[in-house]
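Engineer: this one's sequence-less:
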């Protein structure tokens, strides 16, 4: 889509007013708990100011910067996943009356129109992956679908990839090219604006944009190119599906298991991971019960439990499941790898296990075999 | 909410204790409309919900065109099945289903069929046998090979006796460990395969039981010139949502609840014996 | 009254402990009223009701076994209870007082007490499961009301509750907290610790200290090395492991290893 104009920084909050007017709540990046996280926002004053993120395996630090831009950072621990695939929610309720009959009811998931500001290319790619899974033609997830319809996506191109990022290697970034309503490029004094679809068009119409200068367009081009070049992590240039399917009995899985805590942090921060468990929570009254689903992980024992047996009873099997599913199984399931290169599993692993390094090691083992 | 994501109320119509830890319950939906609409294939499963405890996936053993009730044969192992075991006619529970792909029986008419099962109950294989017995003229020879760990684990003695009497039907039984008076083979189920009286290279085979047993059986059948794509098997994994969303039942790239539980052996043979998959 | 007798009869017993887990009952608030309508509490140590030999359906046991008399009492309670449930770290795993198993406690007794002959304890403090069969263990120091409600609900439906064995990280991430180890280098025990507390400490920006005990499939040594990496001294690492759950194998080996390093 082509550029529609320039939104000066001091008028950015008109965007909040427009979104408010069309009935949307706004969610955007802010500093919380030592990280840049998505929260409900009412003005640009709540965006990160003069702060950037430094990421490396097992470490995330916010550090001061002289850069006055609001989006001079890569990403935080969450993507869009918690908004559409709720960490915990009630699927249905049951009530058993005195005669023993059971009635089932469900509250349709309700989420107001929700505009998310600051969405990255990796987040959009992951959302597309989750759409493939939860909006599957053979069985759509009702709660996901109802929340997904409510999203307005206001993307901001990423100009500050972290040391954990490798979206250029998966082909998912750093430049946004899909599924947005608005797309912003941040410049010193404001934002270049693009839009797509009816909602985007409606918002742009009300933003009273100023014309963009050719020098600004140049600057945007350079920034986006530079963002890709800054990325230091890569994926092995090989058929990872073949490597992983061949090396299922590799000794490297045990080597990883010596370091891995099997804690599930990687799968929780992964924007495409979809596993969830279901369980019943009976109320203290003895007659009502709720059927709850919550994020689960292939790193828990419950994940592979069948009648008295845990199939993946050791960490090496669990890590193998995670890596093989993400980079091989996903291709068979959904036609592409399940990794969008956001680097969260590297940064947020408490012991700093790096998927790109493990894949590199496996590839070398495969090539040497 | 997608209909298959919420249970419907069902009532227990009949109950049979098959062995110390195995029982069968016949069910009907309390909603008449649902009973009329309900269709399933042998090898498919339902999610059975017990109030306040949760759900468990159980294969359907009764015939798709059988009586008004659908029957589940269940072994008591966990929290849900402990309560299911106590249910009596008239008691209520929740049902979602049917789910998954069943046995391809409609495509196997006039073929010889070999059914090899190992372990307790093994309800998915009984659904095949029941189906063929009710449509005996539509199939060729039938060989049933059943193995159990201990002779006391064998259920449905009457059924086996009845099946033995049927024309063109062979029944072979084995127990790894047997009490005195066990008239059949003592040893592994695979040791019975040489006695099977049908042309294995032309037959369609259906397997059900522990993965290592299915793997070993399939290997032996291939040595007897069976074709890999003429062998089917029923897989078990942790099925919670039953509609391919929760991710627990993944077996390699397949979701057992949606892509299975019945798989063609040719599609899964390289994964079948892998530990921890 | 006749209706009362059909309700499950419940007893709450106390051994070597601080009474904190019994308080979880009193902290139930409104739910306590709902539960007392479904339960018949015949014995509650903290509330003063006493009859250790009454036949009960559910016996809750708080505290570890540290004297010969304790060992005798717990056998008596077991004989008179249909379900025996341990509540809290002490009854389930020995608790804080099991730290004396790591020391020469006789020397301490001699050094500390004026009349050491009055001190009559077993050589080792032990969890209840080492003395009698336990039907279900509630972990936590202290336990919370959600665990109690889930347990009573399950038992009243006729089965034991679902056992929570996941790591605390799972619960913490579902609540969307940023990891304190990753953002601050805090020595968080979450990756080893059983969930169930609601991620209380990380919710307030501090590291988990493992008060719900070891989760399943723990890798204590890898986390110990990470603590070393974030700058903890050997004694500090050892103290992380050898505290409330010093008697649990999953923590003890690594804790003792770092203790020897220091």
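Structural biologist: Thanks, I have the structure now. What you see is a predicted model; the values in this text were computed from it and never measured. Numbers count the residues shown, from 1 in each chain, chains lettered A, B, ... in the order given.
Engineer: residue contacts, residue 258?
Structural biologist: Going with chain A. With contact set as CB atoms under 8 Å, 6 or more residues apart in numbering or on different chains, residue A:258 has these partners: C:219, C:222. C-betas here are computed from N, CA, C, even on glycine.
Engineer: nope, chain C
Structural biologist: By CB under 8 Å, 6+ apart, the contact list for residue C:258 reads C:224, C:234-235, C:237-238, C:241.
Engineer: nearest residue to residue B:27 other than its sequence neighbours?
Structural biologist: The shortest distance from residue B:27 to any non-neighbouring residue, by CB to CB, 6 or more residues apart in numbering or on different chains, is to residue B:10 (4.6 Å).
Engineer: per-residue confidence at that neighbour?
Structural biologist: Note for residue B:10: predicted pLDDT of 97.
Engineer: Next one: residue B:17 from residue A:307, what distance?
Structural biologist: 19 Å (CB to CB, to the nearest Å).
Engineer: any idea where the helices of the chain begin and end?
Structural biologist: In the absence of a named chain, chain A is used. For chain A, applying DSSP state H gives helices covering A:13-21, A:81-84, A:121-134, A:142-148, A:167-170, A:197-206, A:214-230, A:240-246, A:252-259, A:265-269, A:315-324, A:330-334, A:344-347, A:355-368.
Engineer: ah, I was thinking of chain C
Structural biologist: C:2-6, C:20-26, C:30-38, C:68-79, C:89-93, C:105-112, C:145-157, C:168-174, C:180-184, C:200-203, C:220-229, C:234-241, C:249-261.
Engineer: circling back to that earlier point, check the contacts of residue C:258 and tell me the two furthest apart.
Structural biologist: Pairwise distances across the contacts of residue C:258 peak at 12.4 Å for C:224 and C:235 (criterion: CB to CB).
Engineer: Most tightly packed of the helices of chain C?
Structural biologist: helix C:89-93 (a mean of 31; mean count of other CB atoms under 10 Å in any protein chain shown).
Engineer: Off-centre distance for that helix?
Structural biologist: With CA atoms, centre = their mean, to the nearest Å as the basis, helix C:89-93 stands 4 Å off its chain's centre.
Engineer: For it, enumerate the helices and strands it packs against.
Structural biologist: When contacts are defined as 3 or more CB pairs under 8 Å, 6 or more residues apart in numbering or on different chains; DSSP states H and E, helix C:89-93 sits against strand C:56-62, strand C:136-138.
Engineer: Let me have those strands in CSV, extended by distance to chain B and mean neighbour count.
Structural biologist: As requested, these are exported to CSV (distance: least, CB to the nearest CB, whole Å; neighbours: other CB atoms under 10 Å in any protein chain shown):
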stretch, distance to chain B, mean neighbour count
strand C:56-62, 17, 26
strand C:136-138, 12, 22
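Engineer: nearest to residue A:182, of those?
Structural biologist: Nearest of the helices and strands packed on helix C:89-93 (CB to CB): strand C:136-138, 50.9 Å.
Engineer: And the contacts of the closest one?
Structural biologist: Contact with strand C:136-138 is made by C:21, C:83, C:85-88, C:91-92, C:129, C:147-148, C:151, C:160-161, C:163, as judged by CB under 8 Å, 6+ apart.
Engineer: show me the contacts for the nearest residue to residue A:42 once chain neighbours are set aside.
Structural biologist: Nearest residue to residue A:42 in three dimensions, chain neighbours excluded: residue A:16, at 6.4 Å (CB to CB, 6+ apart). Residue A:16 makes contacts with A:26, A:41-44, as judged by CB under 8 Å, 6+ apart.
Engineer: Look up how far chain B lies from residue C:127.
Structural biologist: In this view, residue C:127 and chain B are 24 Å apart by CB to the nearest CB, to the nearest Å.
Engineer: quick one: stretch B:169-184 to chain centroid distance?
Structural biologist: That offset, for stretch B:169-184, works out to 20 Å (CA atoms, centre = their mean).
Engineer: buried stuff in that stretch?
Structural biologist: B:169-175, B:178, B:182, B:184 (16 or more other CB atoms under 10 Å in any protein chain shown).
Engineer: Mind checking the pLDDT average for it?
Structural biologist: Per-residue scores along stretch B:169-184 average to 92.
Engineer: measure that stretch end to end?
Structural biologist: End-to-end span of stretch B:169-184 (CA to CA, to the nearest Å): 16 Å.
Engineer: what does it rub up against?
Structural biologist: B:141-154, B:160, B:163-164, B:185-189, B:191-192, B:195-198.
Engineer: Out of those, list just those in helices.
Structural biologist: B:160, B:163-164.
Engineer: Can you tell me which of those are buried?
Structural biologist: With burial judged by 16+ other CB under 10 Å, the buried subset of the ones in helices among the contacts of stretch B:169-184 is B:160, B:163.
Engineer: Among the ones in helices among the contacts of stretch B:169-184, which one lies nearest to residue B:99?
Structural biologist: The closest of those to residue B:99 turns out to be residue B:163 (CB to CB; 28.0 Å).
Engineer: Any regions of the stretch 151-262 of chain C where pLDDT drops low?
Structural biologist: For the stretch 151-262 of chain C, no stretch has pLDDT under 70.
Engineer: distance of residue B:140 from residue A:254?
Structural biologist: In terms of CB to CB, residue B:140 sits 49 Å off from residue A:254.
Engineer: Between these two, which has more neighbouring residues?
Structural biologist: residue B:140 (17 against 13; other CB atoms under 10 Å in any protein chain shown).
Engineer: Quick check, pLDDT for the more buried one.
Structural biologist: Model confidence at residue B:140 (pLDDT) stands at 95.
Engineer: Then residue B:153?
Structural biologist: 83.
Engineer: Pretty sure residue B:19 is one of the things it touches, is it not?
Structural biologist: Yes. Between residue B:153 and residue B:19 there is a contact at 7.1 Å, judged by CB atoms under 8 Å.
Engineer: So for those two, which residues contact both of them?
Structural biologist: With CB under 8 Å, 6+ apart, residue B:153 and residue B:19 have common neighbours residue B:120.
Engineer: which one of those two has more residues nearby?
Structural biologist: Taking other CB under 10 Å, residue B:153 and residue B:19 do not tie; residue B:153 has more neighbours (19 against 15).
Engineer: check contacts around that one.
Structural biologist: By CB under 8 Å, 6+ apart, the contact list for residue B:153 reads B:19, B:120, B:175.
Engineer: Show me where the stretch 151-277 of chain B has its strands.
Structural biologist: Ranges of strands in the stretch 151-277 of chain B, per DSSP state E, counting those that start in this stretch, are B:169-177, B:185-186, B:204-208, B:231-234, B:250-251, B:254-255, B:262-264.
Engineer: a markdown table for the ones you listed, including distance to residue C:25?
Structural biologist: Listed next are the strands of the stretch 151-277 of chain B as a markdown table, based on distance: least, CB to CB, whole Å:
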| stretch | distance to residue C:25 |
| --- | --- |
| strand B:169-177 | 49 |
| strand B:185-186 | 56 |
| strand B:204-208 | 49 |
| strand B:231-234 | 47 |
| strand B:250-251 | 42 |
| strand B:254-255 | 44 |
| strand B:262-264 | 50 |
